[in-house]
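> got a structure for you, letters missing:
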């Protein structure tokens, strides 16, 4: 197995490339396995799977969910589920409706702060994708209020920032069970990127494993090699798999390339191998 990347965003959420273009790019760069994991959206998966057959690359269906847990929220990656599963589709509709309401509240806060943006401005950037803070950040740049996505988040949109608005999230245990019922695997995304103490979150791993969590994303582009190695050990100690992804968004995160792992290393193919093996187990148990 050659290059892999199990955390990629497309125009179905806040990426700049279509699902087909992502698959074509991955194929041209020598990737053999990727996963499209748009935020709260499965709308790009059919196009991605068709493109996978066209370009002869394995595309694992995915989604990135924001979920609540005992002391806050985190992101959960669902992999390999039935993309037509009605339970997942209906729950994502609720999440998307909440996002739309949140966007309106953010725009009202930004207006009070002197940044005049409209829903139409943001929609022009998001296209058919799920509108989110990344699209709002892009419009802030276009209108000259900030010079970068980082500045937009640091100045306005980050958690606790002057234009931040919280939103509805699914519960973690419920989300894990939903993903399993659809034949998928649930993985904790980028453990090193949370405002809550990492040590506190790591302390919850045994409970989450008992609730059905399948794995954690150790080989993440913004993790250090030391953190990657520690997370791999924790995964094994808790009988979890470990996965890896770049969190590629295209133009939204121009410094992130497909396949980026910790400290510039490529994501280890073992991440895809362990995910595929766990998917076989879950799907066999459903028969």
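That came through fine. Values in this document were obtained by computation on a predicted structure and should not be read as measured data.
> from here on, contacts and neighbour counts on C-alpha atoms
OK.
> Which residue ranges of this protein form strands?
For the chain, strands defined by DSSP state E occupy the ranges 3-8, 31-36, 58-69, 72-79, 170-171, 185-188, 215-220, 241-245.
> any chance of these in TSV, with mean pLDDT and distance to residue 108 too?
Shown next, in TSV, are those (pLDDT from 0 to 100; distance: least, C-alpha to C-alpha, whole Å):
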stretch	mean pLDDT	distance to residue 108
strand 3-8	97	30
strand 31-36	97	32
strand 58-69	94	23
strand 72-79	91	24
strand 170-171	90	25
strand 185-188	97	32
strand 215-220	97	34
strand 241-245	97	34
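> Which segments of this protein make up each domain?
Split into domains by automatic domain parsing, the chain comes to 3-91+171-286, 95-157.
> Please identify the deepest-packed of these.
Among the domains of the chain, domain 3-91+171-286 has the highest mean neighbour count (mean count of other C-alpha atoms under 10 Å), at a mean of 20.
> Centre of the chain to that domain, how far?
Centroid separation between domain 3-91+171-286 and its chain, computed with C-alpha atoms, centre = their mean, to the nearest Å, is 6 Å.
> Use 11 as the first number from now on
I'll keep to 11 as the first residue from here, and by that count the last item is domain 13-101+181-296.
> Ends of that domain, what's the gap?
Using C-alpha to C-alpha, to the nearest Å, the end-to-end distance of domain 13-101+181-296 comes out at 30 Å.
> who's in contact with the closest residue to residue 157 other than its chain neighbours?
Using C-alpha to C-alpha, 6 or more residues apart in numbering and skipping residues adjacent in sequence, the residue nearest residue 157 is residue 151, 5.5 Å away. Counting by C-alpha atoms under 8 Å, 6 or more residues apart in numbering, residue 151 touches 157-159, 162.
> sorry, back to before: check the domains of the chain for me: which has the lowest mean pLDDT.
Lowest mean pLDDT within these: domain 105-167, at a mean of 88.
> Save the contacts of residue 151 as a markdown table, and put in distance to residue 89 too.
Below are the contacts of residue 151 laid out as a markdown table (distance: C-alpha to C-alpha, whole Å):
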| residue | distance to residue 89 |
| --- | --- |
| 157 | 35 |
| 158 | 31 |
| 159 | 28 |
| 162 | 31 |
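> And these, which is closest to residue 17?
Comparing the contacts of residue 151 against residue 17 with C-alpha to C-alpha places residue 159 closest, at 19.7 Å.
> right, and the closest one touches residue 262 too?
Yes - between residue 159 and residue 262 there is a contact at 7.2 Å, judged by C-alpha atoms under 8 Å.
> Overlap of the contact sets of these two?
Common neighbours of residue 159 and residue 262 (criterion: C-alpha under 8 Å, 6+ apart): 144, 148.
> Redo the domains of the chain as JSON lines? Include distance to residue 173.
As requested, the domains of the chain are exported to JSON lines (distance: least, C-alpha to C-alpha, whole Å):
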{"stretch": "domain 13-101+181-296", "distance to residue 173": "17"}
{"stretch": "domain 105-167", "distance to residue 173": "5"}
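> which stretch among these comes nearest residue 175?
The nearest among these, by C-alpha to C-alpha, is domain 105-167 at 6.2 Å.
> For the nearest residue to residue 241 once chain neighbours are set aside, which residues are in contact?
Leaving aside its sequence neighbours, residue 241 sits nearest to residue 228 (C-alpha to C-alpha, 6+ apart; 5.4 Å). Shown in contact with residue 228 (C-alpha under 8 Å, 6+ apart): 200-201, 237-239, 241-242, 252-254.
> With residue 281 instead?
229, 252-254.
> swap in residue 257?
Per C-alpha under 8 Å, 6+ apart, neighbours of residue 257: 17-19, 230-231, 266.
> circling back: and the residue nearest to residue 157, how far from residue 79?
For residue 151 relative to residue 79 (C-alpha to C-alpha), the value is 33 Å.
> again, but for residue 192
Residue 192 sits 21 Å away from residue 79, going by C-alpha to C-alpha.
> hmm, back to that, need the contacts of residue 228 in TSV with distance to residue 13, can you?
Putting those into TSV (distance: C-alpha to C-alpha, whole Å) gives the following:
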residue	distance to residue 13
200	19
201	22
237	21
238	18
239	19
241	21
242	19
252	16
253	13
254	11
